[in-house]
Structure formats: C-alpha cells, structure tokens
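> Turn this into a structure:
(2 chains)
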Amino acid sequence: MLADWPILSLTIWLPIIGGILVLASGDKAANATRWTALIIAVLTFLVSLPLYSGFDSTTAGMQFVERAPWIELFKIEYYLGVDGISMPLIILTTFISIFVIIAGWEVIQYKPSHYMAAFLIMEGVMVGVFSALDAMLFYVFWEAMLIPMFLIIGVWGGPNRVYATIKFFLYTFFGSVFMLVALIYMYFQADSFDILAFHDLKMGLDVQILIFIAFLMAFAVKVPMWPVHTWLPDAHVEAPTGGSVILAAIMLKIGGYGFLRFSLPITPDASNHLDWLIITMSLIAVVYIGFVALVQQDMKKLIAYSSIAHMGFVTLGFFIVFIIAQNSNTTGGAALGMEGGMVQMVSHGFISAAMFLCVGVLYDRIHSRNIADYGGVVHTMPIFAGFMVFFAMSNAGLPGTSGFVGEFMVILASFRADFWFAFLAATTLIIGAAYTLWMVKRVIFGAVANDKVAALQDINGREFLILGSLALAVLILGLWPAPLVEVMDASITNLLKHIAVTKIP
Amino acid sequence: MEKIYLLIVLAPLIGAIIAGFLGSKIGRAGAHWVTSGGVGLSALLSIYVLLQFINGSTGIYNDSLYIWMVSDGIRMEVGFLVDQLTAMMMVVVTFVSFCVHIYTIGYMAHDEENWPKGSLAGTNSYQRFFSYISLFTFSMLMLVMSNNFLQLFFGWEAVGLVSYLLIGFWSVRETAIFANLKAFLVNRVGDFGFILGIAAVAMYTNSLDYAEVFKLAPGLADTQISLIGGTEWSLMTVICICLFIGAMGKSAQVPLHVWLPDSMEGPTPISALIHAATMVTAGIFMVARMSPLYELSETALTFVLVIGATTALFTGLIGVVQNDIKRVVAYSTLSQLGYMMVALGVSAYAAGVFHLMTHAFFKALLFLAAGSVIIGMHHDQDIRNMGGIRKYMRITWITSLVGSLALIGLPGSSGFFSKDAIIEAVHHSSIAGSGYAYFAVVSGVFITALYSFRMYFLVFHGKGPRDEHAKAHLHESPKVVTIPLILLAIPSLFIGMFTVGDMVFGEWFKDAIFVLPEHDTLSAIGFHGTWAFFTHGIFGLPTLLAASGVAVAFVFYIKKPELAESWKKRFESVGIYQILDKKYGFDETYQALFAGGSRGIGKLLWNVGDKGLIDGLIINGSARSVDRFAGWVRNIQTGYLFHYAIAMILGLLVLLTWFVIA
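Residues are numbered from 1 along each chain as shown, chains lettered A, B, ... in the order given. As a prediction, the model looks like this:
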C-alpha cells in the first residue's frame, strides 16, 4: 500500500538529494542539468500526489506519519505527518516548483546548475517545514529555507540585491530568533519537541502572550503583515523571476501556516486576547497596502504589495474566529473564515506565481519592470496579453477564478464578526481591481509605446505551458473549490474545537 | 427539462470557446457560424421553454447542478431556477443576442481597419468579438437562471468582465481603455455593496439559496442590527440597500451612472446588447427577483424609488444637449432604467420587468439603427453633420422611427403600455417619495420625446449630410444589418399589446414575484382589458406630453432651427446649458476626488508610511543605530592592556558594590 511508503520523506529528500546531484554535475552539460532538474521536480510532484489521493478527509489526525528518534539527548525526533492544513500546501509547493525550474530554463545562463540546485533544495526544505511535527525539526527546516533564498536573490538578483538580501535575511532572522526561544521554553515544559504535545500544554495567560508574541514576530515577518512587510517589495524587485515565484507562492504561506500550526493551537487564550491586534494589522494590510500598490511604478513592486494585501485576508480569516464565536456562542461561521484563509493561501500561490511569471516574461524581453516602459503589448503579444488579463482578473478576485473563493469566504465570515470588518475587507473589490487593472491598462493596452515593445515576440511553448497550467489551476479551483475545502474541513473544524477550550490551568 | 436548460446555457459558452481559442483555424465565417448557431439554438430553446410555461405544460424548475463547496454548513451550489420571470428573461437575452450576432457580421466586417498595421491583436479581432458576445450571453444566462446568490454574483461579475473586454475592444484607443477601466471600477463600487448584502444574507439565513432565504426572510423582518455607534437598523433595509447598491452600479443609477455614457466607446453591437438591452437591466431583474426581501422594507423601496426617479429625470435632460448619436441613446437608456427602478420602488415589479422587456427590444433597435447610420456615415457620429438620411437608408429610417415612437410611448406601441403602467402605478402609490417620482416620470415623458425626436429629425430629416463626400457614399446597410432591425422592430411595436394584460396585470408573475397586498399598486390601477387601458391612455397626460415633446422638436429642428439656437443661448445665459453639457459635473468631481484622491493617499502612505516611518526610521534607522553603537564600541577596543585592566577593575568594583548593597 501507498501508506507504507515514506511519502513525506521522499517528497523532502528526493529534491534535496537531487539538488545536490545537480549541483555536483556542474555546468558543463548545462542542458542535461536542466533536464535532470526538471525530471526531479516532476518526480517529486508525482511522489507527493498520493498525499492527496490517499488522504483520509474524514479525520483531523496526522496522516502519513513517520517517526524516528533523531537527537535522543534532547528528545528531538525525526517526526513527520500531514493533516488537511499542511497537505494542500505541500502539493502547492511541489506543483509550483516544477514551473520555477521551467521558468529558469533559458533565462538563467550564469551557473544554471547552482540555480536549479538551489530551487530543488529549497523545495525539499519547504516541504519539510510543512510536514515537520517536531519543533526542532521544524526550526531547522525553517532556517534552512533562508539559505537557498538568500543565495538565489544574492547571486541571480538585480543591481540592488545586496541591500535586499541583507534586509530579507535580517528581517526574517530577527523574527525567528524569538520563535526559537519560545520553542525551547515549551520544550522544558513539555519535555519534548513534539508540536502536538505543545498543543496540549497548559499555560497561564501571561506566558501564552509572551509565546504568542514570539511566534507573531516570526510569522508576521514571513506573511508579511503590516508593518513588518517592507522587506518583501525589495526582495521581490531584486529576486530573479523564479525567486519571486517561490517567495510569493510558497514562502509567504509558511507564515500563515505557522499561525494555524503554532500560534492558534498552542496559545489559544493569548490569540483570543490579542485577536484585535492581528485583525487590525490585517485590515490595514488590505486597505493601506492596497493604496500603496496603486501608486507603484514598478510592476514587481506592485504585485508584491498586492500580495501583502491578499495575505491580509488570510490572517483576517484566521483571527476573526474568536469574535464570531462570541457573537453566536458556537463556532458557526468561524470555519468559513478559517477555510477561506486557507483557500486564499492556495489560490494566492497560483495567482501570485502567475503574475510574477508574467512580469518575468516581459522582463526577459525588455529588461525593464517599469510600467512606463510598456504600453500596447497586446499588439505584439496577443496570447501573452490574454494570460495577463486573465491573471489580473483573478488577482482582482473575479468569480470563477480562485482569487474570488477565499476573499468571498473571508468577507462572508467577517460580516459575522463585525459589519465594519467586512466593509473594510470588501474595499479590496474596488482597490484591488483598481491597482491591477490600471497596470494592465498601461502595460497591455493602448498604442504600441516604443520600438522595444514593437519588437516583442509572443510567448514560446515553454512559457505557454507554464502560464497555461497555472491558468487551468486558477480556473478549476475557482469553478469547483469543493475538493480543496473538503480535505481541510476536518482539520479546521478540529482546530476550532481545540481553540475554543481555554488552556489556562 | 434539465437537459434543455443546460443546453441553453452551454451552447453559447461552447461557441465562445471555439471562436475564442480556435479563431484563427476556423476563420471568420466559422467563428460567426459557431457562435450565432449556439446563441440561435439557445434562443429557440428559450422560446420553447417560454411556450411551455404559457400553455402550462411545465412548472417551476429549481435544482442544483453541482455543489460548489460546503463550508461551515453553508451549501454553496450552482444551479438553475427557471420560472416565468426567468423564462421571459431568457427569451429577451437570447433573442436580442441572436439579432446582435447577425448584425455584427455586417458591422464588424471591416474591423481590421480599426487596428494599427501589423497589430497581432487585430488579426483575429473579428473572431474574438464573436467569442466575447457569446461569452456574454452565457454569463447573462447564468445570471438570470441562477437559483442562488453565489451564482448570481458570478454572472453579475462575469457580465462585467465581458463588458470590460468589449468596451475596451479597440484597445488601441486611449478613450476606450479609459472607459472600460472606469466602467469596471464603478461597477466594482456597486459590487462592494452587493457582496456586503450577500454576506448579510448568509449570516442571518446561513444559506445562499433563494428559496431558503425567501422562506426565512419574513421571520427576519423585525430583526434590528446596530451599525454606527449603536444606531439600530432594520436588517432587511440594510440587506436590500446593500444589494441595491450593486444594482445601482450594474444598472447605472445616479450617482453610479457615470460609466454608461463612456461605455459607448465600445463597438455599437455591444452597446445594443450589453449597455441597453440586457446587462444594464440585470439590476432591475435582481430587485424583482428579490421582491420577497424588498417587500419587507419600505425604507429600501423608497430608496429605490428616489434613486430611480432622479435617474429617470436628470439623465434624460442631459440627453437633450448631446450631439453624439450613441450618447443620446445612452442617456436615453439611463433615463429608461430609471423608469424601471421607479416601478420597482412602488412595488410594481411586474411593470418594471415588463418595461425591461419592451425596452430591450426598442432600445436594442435604436442602437443597432444608430450603428447602421454610423456605418453609412463612415463612422461620423455627430448628429449635427447628418440630416436627410431617410432618403438613402429607408429600412434604417423606418425602423428608427418605430424605435423612437415606441420609446416615447406612441399609444398602442410596446413602450406605451409599459411606460403607462409604470406612471399609473406611481400615481396609485402612497409610499414615501412617490409624489416626487410621479413628477419625475411624467415630466420625463416630455423630455424623452424631445431628445428622441431631436435626434430623429436631425438625423433623418432636413437637408442632407453636411459633408458632400459622405453624402455621395451614403447607402443602405447590408442585409445582415437590416434584418435584425426588422426583427427587433416587430416586437417593439406589437409585443406590448399582446402581453400587458397577462404580464403586468395578470397572473403571469404570481409565483416569481411577491407583492404585499398593501403595496399592490398594480391592482389598484384597476385594469379592464388592453383596449380600455389603451383608450384611457390616449387622452392621458403622458400622451399629451409626449406629443408636445415631438412638436417642440419638430419646430426647433425642422421648422425653425434658429429658434433652437436662440433657446440654447437663453439657457446658456443662465448657466443651465453648461450644467447639462457638463453632465452636472459628476465626471470631473469623481476624477478629482476618487482617482486623484486615492493616488494621493497611496503616495502619502507609501512615502510617509512605508519609506519614511517603517523603513527610514525603524528598519534602516536601527541599522544606523547599530552602526553608531558599533562605532562607539570600537573606541573601547583600543588594544592597550591597561585600558582593559582598568575596565575590569571598575566593573568588579561596581559588581561588588551592587552585591553588598543588594
């Protein structure tokens, strides 16, 4: 049976070991290296699929569990498993990674083996983050993730990459140090690094608040939430296309995942106590960042800001649950918000990836990200224009695309918490459409702006494959989100039940 | 029947997909055959469905196709509700759409001329256009056939998307891509309200299904919610007004009407289909569909009434001073949409929907005829340059006349019955605001006749086109253009007299539309047969006003054009003309306030918030502080042993002191 295979380990180590092999093979036979990398990425995706097909969506418990002692002195274990929260994110990771490899195919000429290796290793590490059930293992993966990303931006990045990498590294490292302290504290309390044991740990409100804030520092930076978001636009602008895609599509989700796996279940009382803080930060992200996105001149910056605004929906959906529970004395409506946040994460993975890839397509041709350098692209790249308009519409939350589903669920849920939450969240309908479509207007439509645009060639088969696959994913998820919601339902419901019970001794 | 309904929806979608993705392979003829065929099939089947309803051999269908998702106990489904209201809408949508498809074959025949040389977007533009209008038909059908709020919203936004794509179809024109962005964003302002309304419905009924919501609604009629600082609001009022804000966007009601005149930048066939006959009436349809909710809130009804009346009168006035043939018709559309809203506001839903139907025919006709004139005039749209066209384009002329007469309510024409029903209903209403509404709709009749026949006389009568070159080339449009005109002219004249009895005053909508007995203005009118209604109407005030509007237009624009000039000067001297010419200044105000304002806010937040405070002060600031601290610390590390020794001794002293004291 499939269940007997260590699928999670395979999904983690296949790309990591493959990446090391690719790295070792060097750049002499660059094409062979690229194909090897692609085959590894596709294989990893195929290996990860049983996680979905073999998933039992009726239970909230951990599945595909692998458990072995690792560092026995500190009771650190090699402990992996997935539930309905982490499984979709793992599939998202393995899916997106394929396109990142393809996207770097011709574009990356400088040390392609290193580039491919960095992404493959990154993929394995990120799957590790999502599947680790031992806090130390999680932390190792969490920090390990920074290194390939640091290199990707630092080596293949734009002219201002040094500032961006240092800002990125310090920001995220600063956040995670506090998380480490919290994890070690809980280790002493629980006498184990088992995350599920942390879930059952009884703690007073003061302690919970400290731990909550420690986690918040780590996760808020990753999401990123306002006001610790300013590393993201810089990192995106300097990162190569593939780096931006991984950053937006997967790495940001790790912050959101952290809230669900750590903050909410470990410190439910503190979460309840401080939910106003997260809700405020989320709503500011939606409104404030939306306005900031409107005035960006750089396409990547604009999409980066748009990502922050969209991630605001994720955190909003996660933390309105307490107010909803208070309003109705049941969890009715709370699951809607939390599942909405999850759907938004997956959907944003597709859409932001596609948007960054679209900018990449243009950047590869003209080497500019400035909106002002474009205009009338539709006349020379009609197929590309079709994709870009489609993804822009998804980004603006058009029903029928995945971008709508999460926003819709969160808006519906936040209405149950407070009319004004819904009111502010729903402004994204206007602002989100404004910044996205205004960019489309200036880049895609109009008369051909200059000779460079006039000389553009439409997308090739490779680019068509990437954008087409993502478009299909966006469309399918938009037209039929039930399969995604089903797999996470049991876990979310269980999480809601868990956090409704106080942990104060 | 389920398979038939599915086919009605999917046929246009499949046509759109084939024409859109395989456009270059199947060629122009392939594209217009596959899309027109799909929509034609839908139209035939819709008529079949309607006939089934008329002879009573089918009942209301309400079932779901598939479950979109279930979250937290709310089943969100995709499914169809087909009742008499839906059946009527399906026929209107598919029939007008079919006419427009045929017409487009002629209208877009030389579309390559509208694109710059070498533009790849221009190579398949003909096929793409057909793909879009078929996709629109699919979206509109999804909207009207929906049995739940989710799918309603899907259709609602999908028609908005296609409208966006089609207004900006000639994307090389700056005015077109300005107009489509504006249209989409203004509609999004409406949708903002709409989604809040849906959220409120979902919260209190835990369902998005119409039947379920309508069943629970009466129980919520007395529910109060507090919004601002503890003020209590009736839940139904909040829901209905929020939903209506959506309708104000889609159906272009003041103050969200500003996008519709600009949408005339799109090709004329879509102005007829989307921006006159179908999409803009989605708001009217929605309110009628939600009648079980609206009936529970008189506040909301008054709101609908006042907005509708304001739109009906004041946008009509602008129509009088417009010189672009399409814009005159566009302002006329705005005004007529106002009439429909007024009907809804006085609970005469059936009259509103009835006017929606007659208007769809005669307004689509007027637009398509205008398009025919535009073809004849080689894309000159200024009515002051036209004149005497009746001699060159006979079919266009006669059909235009039919459309204009129906629009102003010539006794016996479709427009007469629908408009008189509305005016009578307002007259019999006692809801707050009905006095104002009555004034607006009655004086609107005069205005309508004035602008319609101003345009008609300027275009078709008087001396020939100003430009001799244009005159020499003026001839009737091809058959694909004129046949749809004739097809639409027939219902414009006749459909009213045959259906008014059943649809407005009869039992046709009794299962689809809910009216409280105390709101039932249509019954209060006392209908005694179509003939009696007709004879009563002939001598009514509206007919008199319409006739005088035509007379004034005749005198001003045919008999004594110098009179029009002198009146224009007179109005200019008091500033009224300028106000109308500026369209009350909505565009400029919005541009400065919202477009400029949000860019200003964005720049402020970015420069001061992100770059100034967060990055400048905190992030880079702390980096600088670390640097400064490090620089200071560096001074300590001198490398001289005695410095370190002194530091250690001093430190030891301090520590010892601290231990002793503590």
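> so where's the chain shaky on pLDDT?
Assuming you mean chain A. The model of chain A has pLDDT under 70 over residues A:1-3, A:328-332.
> was after chain B, sorry
In chain B (pLDDT under 70), the answer is B:229, B:633, B:636-639, B:662.
> Report the contact partners of the residue nearest the centre of chain B.
Chain B has B:Val280 as the residue nearest its centroid, 2.8 Å off, counting by C-alpha atoms, centre = their mean. Shown in contact with B:Val280 (C-beta atoms under 8 Å, 6 or more residues apart in numbering or on different chains): B:250-252, B:260, B:274, B:333, B:337. The way it works is simple: take the backbone N, C-alpha and C, and place the C-beta from them, glycine included.
> From those, which land in helices?
Of the contacts of B:Val280, the ones assigned to helices by DSSP state H are B:250, B:260, B:333, B:337.
> In a markdown table, list those residues along with neighbour count and distance to chain A.
Below are the ones in helices among the contacts of B:Val280 laid out as a markdown table (neighbours: other C-beta atoms under 10 Å in any protein chain shown; distance: C-beta to the nearest C-beta, whole Å):
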| residue | neighbour count | distance to chain A |
| --- | --- | --- |
| B:Lys250 | 29 | 14 |
| B:Leu260 | 25 | 18 |
| B:Thr333 | 31 | 24 |
| B:Leu337 | 32 | 22 |
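> Between those residues, which sits nearest B:Leu474?
B:Thr333 (26.5 Å; C-beta to C-beta).
> From chain A, how far off is the nearest residue to that closest one once chain neighbours are set aside?
Of all residues not flanking B:Thr333 in the chain, B:Ala276 sits nearest, at 5.0 Å (C-beta to C-beta, 6 or more residues apart in numbering or on different chains). Relative to chain A, B:Ala276 is positioned 24 Å away (criterion: C-beta to the nearest C-beta, to the nearest Å).
> Please apply the same query to B:Ser429.
Taking C-beta to the nearest C-beta, one finds B:Ser429 at 31 Å from chain A.
> Direction included, what does the longest strand along chain A pair against?
The residue-count maximum for a strand in chain A (DSSP state E) belongs to strand A:63-71. Strand pairing for strand A:63-71, using DSSP bridges, gives strand A:76-82 (antiparallel).
> Which strand or helix spans the nearest residue to B:Asp520 once chain neighbours are set aside?
Of all residues not flanking B:Asp520 in the chain, B:Ser347 sits nearest, at 6.7 Å (C-beta to C-beta, 6+ apart). Using DSSP states H and E, B:Ser347 sits in no helix or strand.
> sorry, back to before: wait, isn't the residue nearest to B:Thr333 in contact with B:Leu368?
No. With contacts defined as C-beta atoms under 8 Å, B:Ala276 does not count as touching B:Leu368, sitting 9.5 Å away.
> These two: who's more crowded?
Ranked by neighbour count (other C-beta atoms under 10 Å in any protein chain shown), B:Ala276 and B:Leu368 place B:Leu368 first, with 35 against 28.
> What residues does the more buried one make contact with?
Contacts of B:Leu368 (C-beta under 8 Å, 6+ apart): B:99-100, B:103, B:268-269, B:272, B:481, B:484-485, B:488.
> For the residue in the stretch 151-300 of chain B positioned nearest to chain A, grab the count of nearby residues.
The nearest approach of the stretch 151-300 of chain B to chain A comes at B:Ala199, 3.6 Å away (C-beta to the nearest C-beta). B:Ala199 is flanked by 25 other residues according to other C-beta under 10 Å.
> Test my guess that it contacts A:Glu407.
No. With contacts counted by C-beta under 8 Å, B:Ala199 stays clear of A:Glu407, the gap being 11.3 Å.
> How is chain B partitioned into domains?
Here the domain parsing of chain B from the TED database is B:1-112+B:124-289, B:587-661.
> among the ones you listed, which is the most enclosed?
Burial of the domains of chain B is given as mean neighbour count (mean count of other C-beta atoms under 10 Å in any protein chain shown); domain B:1-112+B:124-289 ranks first at a mean of 22.
> list the contacts for B:Gly197?
By C-beta under 8 Å, 6+ apart, the contact set of B:Gly197 is B:238-246.
> How about B:Trp508, nearest residue that isn't a chain neighbour?
Per C-beta to C-beta, 6+ apart, closest to B:Trp508 is B:Asp502, 4.7 Å.
> The one you found and B:Phe509, how far apart?
Counting by C-beta to C-beta, to the nearest Å, the gap from B:Asp502 to B:Phe509 is 9 Å.
> The two: which has the busier surroundings?
Remark: of B:Asp502 and B:Phe509, B:Phe509 carries more neighbours, 22 against 16, as counted by other C-beta under 10 Å.
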